[in-house]
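Peer 1: Sequence unavailable; structure follows:
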């Protein structure tokens, strides 16, 4: 790719970018949220058209106007959010994207082909299972097979590890190494330094749409890369000062919650939360974390059990009443629950708080105060926007997230329920947010932190519970030696 | 090779919005001209006639204002419902229900109460009637997840038939000599008009006041905020602790209620008795959907879009008479203009870039 430029709303997403990949190479593309990584790859995959520059394959300039053409040129892409049809089987999904699929009886012809590919890369997937029955890691493998089957020489993976468990990440790395040995090349998009160092041969760092550096991974280190990416030094290990915990805030007793399908998702969970404490719930996604968070914050009904805050029963109160008891919530699906996309930034900045005296008289909202409050959040949390009179849907995912976090934290809640708060955030924003959580703890708040990121859990939490299949495998102090078994506990064995 | 690409225009100035609308209308008029040519009429003459008939003469202008009254009232109410993404297609039925309620009130008390009591009472009854008819689909939607487009649309027919049943049955007036329709409303319950016109000014003032107040409600109040959040993203509304049931109920009561007020105006201001549904309303409930949309869901702007559309209705009547064109011509003019205005909206929000390149 030579001299690629692309802009949205007059802001450069990519500016004069030169990038090359050789066969048998794994290239890392590193950058903060909104640095332009995904845009660049979407141009290569034909989803966007560059405003300037050209793409060459084997030295020959080509023009890619849609994904079909890029597939013919041997480029495959696995998106961050998988493009699979949930109700169809694995084989049907593969057949759908395959260029030589016959019109009649499509599955028979390609079944053997898929099977041989699976053997080559040690995939073990039942081809007849429906996509929705598969884990995120398995779905990703289906996407990879799809691309390889279409003859992809260059495979683009957009943040492939963000949805995977540690074990699945190992398997993915294994697959990538094998592809490399076969002469494929891979572009690996990530903002996680460890992975880049571990997987890639070479890394290119993007910042605000431009390339700010590149290096061979065996000749650089994490610190250097982080500085390139953020433009300043980043502290990797935040020190958590010792604070004695205060009185009990929340108590959950034998809580049972049903999931979306009506099946039990949380099965008899009990725990207490105290002031000046960060309580972490670690576990692989889909083990009841979302249901538990929604139950505590009142979005989801509790089937049985009891939750009290400061001794007052809040079981099955409305979300607003629970909010009024001092409980803030950073939801897991932020775009789905956290914002009204077509409304302005300042409208979104008071979602859930609009009924407070601060922002409203009896019937009218005090828009002056609301705007003032919004400007505060935008400044404090470094939300990039040209103005607060901007529809929030125009912001990037990371910026929306910062606004939501700002909204939920700025009111100094007594209890903050935070689900994967740093998911999708870049190094700089993550560091900033973790500091904020520790600050809340210092000022007497409690944080209930749901996270899959063990590094985050260990860095922040005073106590850690491991959740598996809706039950706690145990609750530990963060310095408990038994936590070295945490991986096994997350996988459901070794109950303590 | 010429390539077109579209990019979002994220800042829209008022001037650009105005110019886009004017340009769209002009483009629409060109297409309408072609239709007139096919019909064998000089398009310039026909368009001049429409304008002359609606805004160009005193008589026409008064008629335009008269027809704008229900359009503004209903249109303003619809903006609220549409903001919350409640697709209320049932304003026609809500108008008729308002007409039924107020006619009953007028006939029952008009002979005993003075004008300054009975008229507010009739407006209150009309609002209540429209509101009740609006609340039904709201409850159906919230409690039983029944699509409001279907239910509001169907309730129009039900209401029209209830009205017909009343005027051919129990409410048939003795003074009608066997023809369907109620007796005339008593003198005290009839709205006075601006002399020399049919403009029942009380309803006109009410319409403009409602549009202004609703604008304030939508943009400045907690309720308006909650309605907008629910409309944008019901899940976020739930997360924010907004009572979906209450919000939807109130906004449909208001939306239906305003249509009910329009019904009061038509009965007490124009016809003075309850006759067939088609003559009580002549489709205002549906035209108002376009009025609300054209006003970009801003109640205040329905004052202008309401007058504009009333003008087209009146002008259409005029060319029917003077040029002998079929009644459907008005609908064609209406529809064409609307399509062009909607298309203009796309070009307002998206910028088109034309690039020339060698393939």
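Peer 2: Perfect, thanks for sending it. These numbers were taken from a predicted model, which means no experiment stands behind them.
Peer 1: Now the phi/psi pair for whatever residue of the stretch 151-300 of chain B ends up closest to chain A, please.
Peer 2: Per Cβ to the nearest Cβ, residue B:241 is where the stretch 151-300 of chain B lies closest to chain A, at 2.8 Å. All C-beta atoms are positioned from the backbone trio N, CA, C, and that covers glycine. Here is the backbone geometry of residue B:241 (degrees, to the nearest 10): phi 80, psi 30.
Peer 1: For residue A:305, see how far away the nearest residue to it once chain neighbours are set aside is.
Peer 2: Once flanking residues are discounted, residue B:241 sits nearest to residue A:320: 2.8 Å by Cβ to Cβ, 6 or more residues apart in numbering or on different chains. To residue A:305, residue A:320 is 21 Å away according to Cβ to Cβ, to the nearest Å.
Peer 1: again, but for residue B:173
Peer 2: Residue B:173 is 66 Å from residue A:305, by Cβ to Cβ.
Peer 1: For residue A:313, give the beta-bridge partners.
Peer 2: Residue A:313 has these beta-bridge partners by DSSP bridges: residue A:308.
Peer 1: Next, count neighbours for it.
Peer 2: 10 (other Cβ atoms under 10 Å in any protein chain shown).
Peer 1: OK, contacts around residue 118?
Peer 2: Picked chain A for this. Listed by Cβ atoms under 8 Å, 6 or more residues apart in numbering or on different chains, the contact set of residue A:118 reads A:124-125, A:145.
Peer 1: my bad, chain B
Peer 2: Neighbour list for residue B:118: B:105-106, B:109-110, B:188-189 [criterion: Cβ under 8 Å, 6+ apart].
Peer 1: Top of those by number of neighbours, please.
Peer 2: Top of these by neighbour count (other Cβ under 10 Å): residue B:106, with 30 neighbours.
Peer 1: Tell me the backbone dihedrals of the residue nearest to that residue when sequence neighbours are not counted, please.
Peer 2: Once flanking residues are discounted, residue B:106 sits nearest to residue B:189: 3.7 Å by Cβ to Cβ, 6+ apart. Torsion angles at residue B:189 (phi, psi; degrees, to the nearest 10) stand at phi -100, psi 10.
Peer 1: follow-up on the earlier one: near the residue of the stretch 151-300 of chain B closest to chain A, how many residues? Count them for me, please.
Peer 2: If you count neighbours by other Cβ under 10 Å, residue B:241 ends up with 23.
Peer 1: From residue A:310, how far out is it?
Peer 2: In terms of Cβ to Cβ, residue B:241 sits 19 Å off from residue A:310.
Peer 1: In this structure residue A:268 contacts residue A:305, no?
Peer 2: Yes: at 7.2 Å, residue A:268 and residue A:305 qualify as touching, with contact defined as Cβ atoms under 8 Å.
Peer 1: Show me which of the two is the more surrounded one.
Peer 2: Counted by other Cβ under 10 Å, residue A:268 and residue A:305 do not tie: residue A:305 has more neighbours, with 17 against 14.
Peer 1: and that one, which of the three is it?
Peer 2: Under DSSP: H, G, I helix; E, B strand; the rest coil, residue A:305 falls in the strand class.
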